[in-house]
Each structure stands twice: as structure tokens, then as C-alpha cells.
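Visitor: got a predicted model here, sequence first, then my questions.
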Amino acid sequence: MSISDLPEELISLSWLIGRWAGVGLGQYPTIEDFRFGQEMSFATDGRPFLMYASRSWLLDDEGAKVRPLATESGYWRPRPNGELEVTLAHPTGYAEIWLGSHEALGIEDARITSARATMRTDVIAATPSAKPYSAGERLYGLVNDELMWTFDMAAAGESLTNHLSARLRLTD
């Protein structure tokens, strides 16, 4: 689907559309640091939202997959004036609503070349068996044709602290 075929609401998020893959770093005061591989995809079926899915796996020192880590899926809903609503679900017992904003920072030849999206958790619903988790902040950015993102988390009695970051490239 070309940008001209997108609903007007999605044009400002068109920089996300596609399948992304790369490597990231994980850390938190309650765990040992780790490297992970990640695949993330954003797609549209022509309606004014993006379908989102992400999966990651632990990497060993040579970069080989060791075991699955996190999986999440949901929807990114652009709103007027650069606002953003995101819903995410996790098999670990969480459903989240994130609120934030997005903006294009650079445009060349009718293509977004630099952009960012920021968001904070508004609601976190958890099952009784889910681990304690109380807040999150995320930043996604398009820089030099790479999707970089970071996730700060408040969980397990810790205040908001960086937990994950990754650098991804389009694969198709």
C-alpha cells in the first residue's frame, strides 16, 4: 500500500509501516543485563489505525537465539493534533493503554525521514498471576532509516527505570 492509499490519519505514522528486525539490550535493577533479538511489525488494512506485533528472544554471546522472551500485540491509533492512543496485550497477563504524541521531524521527497512517538501508560490491567508492574514510558524514533526505541518501566518495587532499548532495520 502506497502512502497515497493510506487513510489521512495514518500518513504521519507511515514511517512505522513494515517489518523491522534487530538487536537490543535489556537491563533492570532486579535482573542481569542481557542482549535480545527482536522482530516488530506495523501494518494497516486500510482503516485509520496500525496493527502492531512484536516478539523477542534472548541472544547468547555469539548472537544465536537461546529462547523466546516477550511478545506483545495491539493497535496504534493516531488522533488529531499529533496525539496517539496505543493498546497492547501481553501473554504474561497484562493489557495496557498508552497515551502520547507523534510527530514527523524530517520530510524529503514526500517521505518521512525522521520522526518520533512518545507515550506513557494510562491504564495497566493485570491478571492475579502477573508480576508487579505499575508504569511505563516508551520512545520510538526514526533516525537514519533505523527504528530505535526505548522502554522505561516501574515494576517489582522499583521506580521508573530503563529496561529495554533496541535498534531495528526494515527487513521488507
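Guide: Now that the structure is in, tell me what you want to look at.

Visitor: in the protein, where is pLDDT below threshold?
Guide: 1-4 (pLDDT under 70).

Visitor: quick one, strands of it?
Guide: With DSSP state E, the ranges of strands along the chain come out as 18-28, 31-43, 50-59, 65-78, 83-90, 94-108, 111-126, 133-143, 146-155, 161-170.

Visitor: TSV for the ones you listed, including mean neighbour count and distance to Leu10?
Guide: (C-beta placed from N, C-alpha, C; glycine too.) Putting the strands of the chain into TSV (neighbours: other C-beta atoms under 10 Å; distance: least, C-beta to C-beta, whole Å) gives the following:
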stretch	mean neighbour count	distance to Leu10
strand 18-28	17	13
strand 31-43	16	10
strand 50-59	18	7
strand 65-78	16	6
strand 83-90	17	12
strand 94-108	16	11
strand 111-126	16	11
strand 133-143	17	15
strand 146-155	18	16
strand 161-170	17	17
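
Visitor: and of these, who's closest to Pro7?
Guide: Closest of those to Pro7 is strand 65-78, at 9.3 Å (criterion: C-beta to C-beta).

Visitor: other residues contacting the closest one?
Guide: 9-10, 12-13, 16, 26, 36-37, 42, 48-60, 84-92, 96, 102, 117 (C-beta atoms under 8 Å, 6 or more residues apart in numbering).

Visitor: kindly recompute the last result at 6 Å.
Guide: Residues from elsewhere that reach strand 65-78, judged by C-beta atoms under 6 Å, 6 or more residues apart in numbering: 9, 13, 36, 49-50, 52-58, 60, 84-91.

Visitor: can you give the strand pairings for it, parallel or anti for each?
Guide: Sheet pairing for strand 65-78, assigned by DSSP bridges, gives strand 50-59 (antiparallel), strand 83-90 (antiparallel).

Visitor: any chance of these in a markdown table, plus distance to Thr150?
Guide: Shown next, in a markdown table, are those (distance: least, C-beta to C-beta, whole Å):
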| stretch | distance to Thr150 |
| --- | --- |
| strand 50-59 | 14 |
| strand 83-90 | 15 |
